[in-house]
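K.L.:
Would you be able to build a 3D model of this:
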Amino acid sequence: MLGESALWDAESGRLLWVDILSGLIFARDLVGGPIASLQLDCTVGAVALRESGGLIAATGRGLLTCDVDTGVVTTLAEIEPERAGNRMNDGAVDPAGRFWFGSMDLAEVDGTGALYNRTPDGRVRKVLDSIICSNGPAWSPDGTTMYHVDSGRRLITAYEFDVACGQVGAGRIFVDDTSSPWFPDGVTVDAEGYVWNCKWDGGLLVRYAPDGSIDRALKVPVPRPTRCAFVGPELDQMAITSARVGLTDPQLEQAPLSGRVLLTEPGVRGLPASRHAG
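P.N.:
This next block holds a predicted model:
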């Protein structure tokens, strides 16, 4: 219903992704075979790899560690118990091994969401607040820029970033979609430092140069792409999760692949996914 959190695990050679509303985490290789899955008893907004094995997940019950193959789930921390109208959304690991994850207003109206990170020693801290719908973040290849999306405000912001201490500095508007019919959703950065962004209700995947100019736009056969990730042994393919939630029957007839994971060859390579050191 609501695919998200596409992620390549180079060690196992598998693509991972989630269905947020169903609380499902999926894993499979790219050449066929069965799809492994883990059912949680809550929504799951994002998963990331851990150095010690398995995954860390931002969920409706807070932060969890889990393993798709063993089914073992362990609670780490409760997040935003006082914000009943929120849920966890997208997340990623920075080059120093911190897990960054954000929340969103379920009504997608108020700025009740926030962006957090979990450090390798297990501390959780709030970094940004007053977010309507948090997506990303992603980092430039040298780690000095962090890109974060507030889908509700239709903005992608580029922040100065200190990898050593995880400090977020001054921000500048990188992409302003406020006059567009779509919403910016999930984001990733390729090996050349260009930023890829899915356009919810736009049926597009747009590649931006580091200065924010549009390099190319790729039309996809679903109106609601949600997140993209470089996958495969050479990181030269791209997986794109998508959603079917909220679409009408006529829209689904026109776009029957909605909710599927799509695969394309973008012509550039990606960066390896960092692993959470906690």
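
K.L.:
who touches residue 101 in this structure?
P.N.:
Contact analysis of residue 101 by Cβ atoms under 8 Å, 6 or more residues apart in numbering lists 45-46, 58, 63, 88-91, 115-118, 134. All C-beta atoms are positioned from the backbone trio N, CA, C, and that covers glycine.

K.L.:
what about 10 Å?
P.N.:
45-48, 56-59, 62-63, 79, 88-93, 114-118, 124, 134, 137 (Cβ atoms under 10 Å, 6 or more residues apart in numbering).

K.L.:
Secondary structure class of it, three-state.
P.N.:
strand (DSSP: H, G, I helix; E, B strand; the rest coil).

K.L.:
my read: residue 1 touches residue 259, true?
P.N.:
Yes. Applying Cβ atoms under 10 Å as the test, residue 1 and residue 259 come out as touching, 6.4 Å apart.

K.L.:
Need the overlap of contacts for the two.
P.N.:
In contact with both residue 1 and residue 259: 19, 243-245, 247, using Cβ under 10 Å, 6+ apart.

K.L.:
Is it possible to get TSV of those that adds neighbour count?
P.N.:
TSV is the format used below for those (neighbours: other Cβ atoms under 10 Å):
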residue	neighbour count
19	22
243	22
244	19
245	13
247	19
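
K.L.:
In terms of distance to residue 97, which of those ranks first?
P.N.:
Residue 97 lies nearest to residue 19 out of the shared contacts of residue 1 and residue 259, by Cβ to Cβ, at 26.7 Å.

K.L.:
where's the closest one relative to residue 99, distance?
P.N.:
Noted for residue 19: a distance of 20 Å to residue 99, by Cβ to Cβ, to the nearest Å.

K.L.:
Please apply the same query to residue 54.
P.N.:
13 Å.

K.L.:
And for residue 147?
P.N.:
With Cβ to Cβ as the criterion, residue 147 and residue 99 are 17 Å apart.

K.L.:
hmm, back to that, give me the subset of the contacts of residue 101 that lies in strands.
P.N.:
Those of the contacts of residue 101 mapping onto strands are 45-48, 56-59, 62-63, 88-93, 114-118, 124, 134, 137, per DSSP state E.

K.L.:
Now do the helices in the stretch 51-200 of the chain.
P.N.:
In the stretch 51-200 of the chain, no helices are defined using DSSP state H, counting those that start in this stretch.

K.L.:
which residue ranges form the strands in it?
P.N.:
Using DSSP state E, counting those that start in this stretch, the strands of the stretch 51-200 of the chain run over 55-59, 62-66, 73-77, 86-93, 99-105, 113-118, 124-131, 134-139, 145-150, 155-162, 167-176, 183-189, 195-200.

K.L.:
For those, give me a markdown table that also has mean pLDDT and distance to residue 275.
P.N.:
Listed next are the strands of the stretch 51-200 of the chain as a markdown table, based on pLDDT from 0 to 100; distance: least, Cβ to Cβ, whole Å:
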| stretch | mean pLDDT | distance to residue 275 |
| --- | --- | --- |
| strand 55-59 | 98 | 9 |
| strand 62-66 | 97 | 13 |
| strand 73-77 | 97 | 16 |
| strand 86-93 | 97 | 6 |
| strand 99-105 | 98 | 9 |
| strand 113-118 | 98 | 13 |
| strand 124-131 | 98 | 18 |
| strand 134-139 | 98 | 14 |
| strand 145-150 | 98 | 18 |
| strand 155-162 | 98 | 18 |
| strand 167-176 | 98 | 21 |
| strand 183-189 | 98 | 16 |
| strand 195-200 | 98 | 21 |
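
K.L.:
Return the most buried member of those.
P.N.:
strand 134-139 (a mean of 28; mean count of other Cβ atoms under 10 Å).

K.L.:
so what strands line up beside it?
P.N.:
If you go by DSSP bridges, strand 134-139 pairs up with strand 145-150 (antiparallel).

K.L.:
Next, the angle from the strand it pairs with to strand 86-93.
P.N.:
160 degrees (axes from the mean of the first three to the mean of the last three Cα atoms, to 10 degrees).

K.L.:
In three-state terms, label the residue of the chain positioned farthest from its centre for me.
P.N.:
With Cα atoms, centre = their mean as the measure, the chain has its most outlying C-alpha, relative to the mean C-alpha position, at residue 250: 28.0 Å. Following three-state DSSP, the label given to residue 250 is helix.

K.L.:
per-residue confidence for it?
P.N.:
Note for residue 250: predicted pLDDT of 97.

K.L.:
can you check residue 33 too?
P.N.:
pLDDT, residue 33: 84.
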